[in-house]
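K.L.:
Need a 3D model of the following:
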Amino acid sequence: MALRVSTVSADVFLQDLGTTVVHPTSYRDLSLEFTAVELRDSVTLTTAIQNGTLIVDDGTFSIAATDYDSDEVLLQQLNIRGDTKYISNDELRSIGDIAIQPGVFPLPINSTAQSTRNVYCVGGKWITWNLEVEDIIVITGNAAAGTYTVESVTDQQNFIVKESILNSTGGSLTVYNQKATTRIGVDDTPYSHVTGTNLDEILISIDDLIGTTASGINSIEHRSLDQLVHLIAETSYEEVTYSGIHPISDIIWTDVGKTVKIREEQYIWSGNHINTLTAIQYNVSGVEVERIVETYTYAGSKVTSIARSLT
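P.N.:
Model (predicted):
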């Protein structure tokens, strides 16, 4: 239900809302411009309605001047997004494709700034009061045309996007609800193999566990195995380095150009005996994942024990 006001005989300046209802005005929907909290807390709006300089009656919803109570505003089902504790039906169905105020958009943009990632929209003064972090912004008709995500709301006319954005003027924007799955909280403490604090994170975690994007076992299953003893079973190039007659390193690369390391073994000798062997496993980017150090104990020329330490 909207909160639509009409003037009676003159302009009405609502100082604490920073706006003027210019006479003659009929059925101006304040719920599209301000949150329920702002409407409730506006002393000048309450005064104007109670003294009869503004009336609330659009033929569907009306409040008599003598009955208007600002505290009751929060109890009305106004057509706004004012309570982030609850997910509306539109929000619940959204995958980032349902506008937060259907029929209102697109709105004109004043400018976008590359250096600050700021979007400045005077004509959309009310939308920044209803914007939420992670809402989707689609910009068209200027150099910054594209899809962006709200990072923060600065004030009544400005908000910051997460992504890089070009300098521009003109154009228009539409604001869409964020994906509902990012707003549905999940307690992951009962689970042993999935992690996340919302439904989207949990589903991504499950997808990784299932390993739907690759054949064979997934990374979680693989981690339970002794992966450092696996043979290399991919196209590779192996480089062995010696000190005298003793090999001191054995590095397996992705190619002969030695682009990315796959695995590496380092040997430390004591005389003709290997004292320690360090095996290092790298990920697909060549970043070390883990290493195991083997320390050998001898009796004469025979190995009697091997101590292993995994890090």
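K.L.:
tell me the contacts of residue 165?
P.N.:
Residue 165 is in contact with 112, 113, 114, 117, 119, 144, 146, 148, counting by C-beta atoms under 8 Å, 6 or more residues apart in numbering. Glycine gets a C-beta too; all of them are placed from N, C-alpha and C.
K.L.:
Please report phi then psi for the residue nearest to residue 134 when sequence neighbours are not counted.
P.N.:
Using C-beta to C-beta, 6 or more residues apart in numbering and skipping residues adjacent in sequence, the residue nearest residue 134 is residue 178, 4.1 Å away. When read as degrees, to the nearest 10, the backbone of residue 178 gives phi -70, psi 170.
K.L.:
Break the protein down into its domains, please.
P.N.:
Partitioning the chain according to automatic domain parsing yields domains covering residues 4-75, 89-181, 184-225, 229-310.
K.L.:
Contacts only, for residue 303.
P.N.:
296, 297.
K.L.:
So what pairs up with it in the strands?
P.N.:
When bridges are assigned using DSSP bridges, the partners listed for residue 303 are residue 298.
K.L.:
Outside of stretch 273-280 itself, list whatever touches it.
P.N.:
The set of residues external to stretch 273-280 that reach it, using C-beta under 8 Å, 6+ apart, is 228, 261, 263-269, 288, 290-296, 298, 301.
K.L.:
In strands only, show me those.
P.N.:
Using DSSP state E, the subset of these located in strands is 261, 263-269, 288, 290-296, 298.
K.L.:
Of those, select the buried ones using a PyMOL command.
P.N.:
Buried residues within the ones in strands among the contacts of stretch 273-280, as defined by 16 or more other C-beta atoms under 10 Å, are selected in PyMOL through the command that follows:
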select buried, resi 261+263+264+265+266+267+291+292+293+296
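K.L.:
got the contact list for the residue nearest to residue 204 when sequence neighbours are not counted?
P.N.:
The shortest distance from residue 204 to any non-neighbouring residue, by C-beta to C-beta, 6+ apart, is to residue 196 (7.1 Å). Applying C-beta under 8 Å, 6+ apart, one finds that residue 196 lies in contact with 186, 188, 202, 203, 204, 205.
K.L.:
and those residues, which are buried?
P.N.:
Neighbour-count burial within the contacts of residue 196 applies to 186, 202, 205; the criterion is 16+ other C-beta under 10 Å.
K.L.:
just these: which has the poorest pLDDT?
P.N.:
Taking pLDDT as the measure, the buried ones among the contacts of residue 196 have their low point at residue 205 (85).
K.L.:
In contact with residue 305, which residues are there?
P.N.:
If you count contacts by C-beta under 8 Å, 6+ apart, then residue 305 has 296, 297 around it.
K.L.:
for residue 295, same thing?
P.N.:
Counting by C-beta under 8 Å, 6+ apart, residue 295 touches 275, 276, 306, 307, 308, 309.
K.L.:
how near is residue 205 to residue 307?
P.N.:
Computed with C-beta to C-beta, to the nearest Å, the distance linking residue 205 and residue 307 is 36 Å.
K.L.:
and if you look at residue 137?
P.N.:
With distances defined as C-beta to C-beta, the gap from residue 137 to residue 307 amounts to 58 Å.
K.L.:
Contact partners for the most centrally placed residue in the chain?
P.N.:
Within the chain, one residue has its C-alpha closest to the average C-alpha position: by C-alpha atoms, centre = their mean, that is residue 134, at 5.6 Å. With contacts defined as C-beta under 8 Å, 6+ apart, the neighbours of residue 134 are 149, 150, 178, 179, 182, 183.
K.L.:
just checking, the last one touches residue 198?
P.N.:
Yes. A contact is recorded between residue 183 and residue 198 when judged using C-beta atoms under 8 Å, the distance being 6.7 Å.
K.L.:
filter the contacts of residue 134 to the buried ones?
P.N.:
Among those, the ones that count as buried by 16+ other C-beta under 10 Å are 150, 178, 179, 183.
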